[in-house]
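S.K.: I need the structure of the sequence given here:
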Amino acid sequence: MRPGPARGTTATVEIDVDATMTDAGHATGLGDDLPPVLGSLAMLSVATGVCRDLLAPHLEPEELAVPGRLDLIHRTPIPVGTRVAFEATVQMVDPTRVTCEVLLRTAAGVAARASYEQEVVPRATWLERTPAA
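M.R.: You can find the predicted model right below:
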């Protein structure tokens with residue numbers, strides 16, 4: 001991995017939550033009698049994407065960043081129609097791992113927090129770990 005990203009580096013992505021971002025139809029769905037909210041799966045997809053964007057410019061061509069650990073803490077529901085800022089901050093960097101914290105902010109404040117650790121591995125090593133289909 002090339003030097004960086006430096007601890008404290010941030011990136012932000014803003015989204016407007018729409019009906020495709022709920023957990024309806026998934027095992028994590030809350031039921032039809034509750035208002036639609038930003039689902040965990042969509043939340044984690046955006047959060048990990050912001051973190052990958054912070055690390056990608058620092059990877060060598062023969063390297064991949066793969067998920068190592070992912071934690072999510074919900075503080076309050078985020079209804080469909082809400083604008084959400086996903087702010088990722090690099091918390092830890094070592095030669096083979098980068099950990100970011102992501103705060104999900106709405107106009108009302110912090111609605112959720114995620115931590116995402118990416119492992120940097122040679123592409124060949126990852127392919128060896130992946131069973132053939």
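S.K.: close enough to count as contact, Asp71 and Ala114?
M.R.: Yes - taking Cβ atoms under 8 Å as the definition, Asp71 is a contact partner of Ala114 at 6.5 Å. C-beta coordinates here come from the backbone N, C-alpha and C atoms, glycine included.
S.K.: what sits against the nearest residue to Thr20 once chain neighbours are set aside?
M.R.: Leaving out its chain neighbours, the residue that sits closest to Thr20 by Cβ to Cβ, 6 or more residues apart in numbering is Ala42, at 7.8 Å. Applying Cβ atoms under 8 Å, 6 or more residues apart in numbering, we find Ala42 in contact with Thr20, Met21, Thr22, Asp23.
S.K.: Asp71 and Ala114: which is more packed in?
M.R.: Comparing Asp71 with Ala114 by other Cβ atoms under 10 Å, the one with more neighbours is Ala114, at 24 against 11.
S.K.: so what's that one scoring on pLDDT?
M.R.: With respect to pLDDT, Ala114 has a value of 97.
S.K.: do the same with His58
M.R.: On the pLDDT scale, His58 gets 93.
S.K.: now Ala124
M.R.: On the pLDDT scale, Ala124 gets 91.
S.K.: and it, which of the three is it?
M.R.: Ala124 falls in the helix class when you classify it by DSSP: H, G, I helix; E, B strand; the rest coil.
S.K.: I'd say it and Leu64 touch.
M.R.: No - applying Cβ under 8 Å, one finds Ala124 not in contact with Leu64, separated by 9.8 Å.
S.K.: between the two, who's got more neighbours?
M.R.: Shown here are Ala124 and Leu64; by other Cβ under 10 Å, Leu64 has more neighbours (16 against 10).
S.K.: list the beta-bridge partners for the more buried one.
M.R.: When assigned by DSSP bridges, Leu64 has beta-bridge partners Val121.
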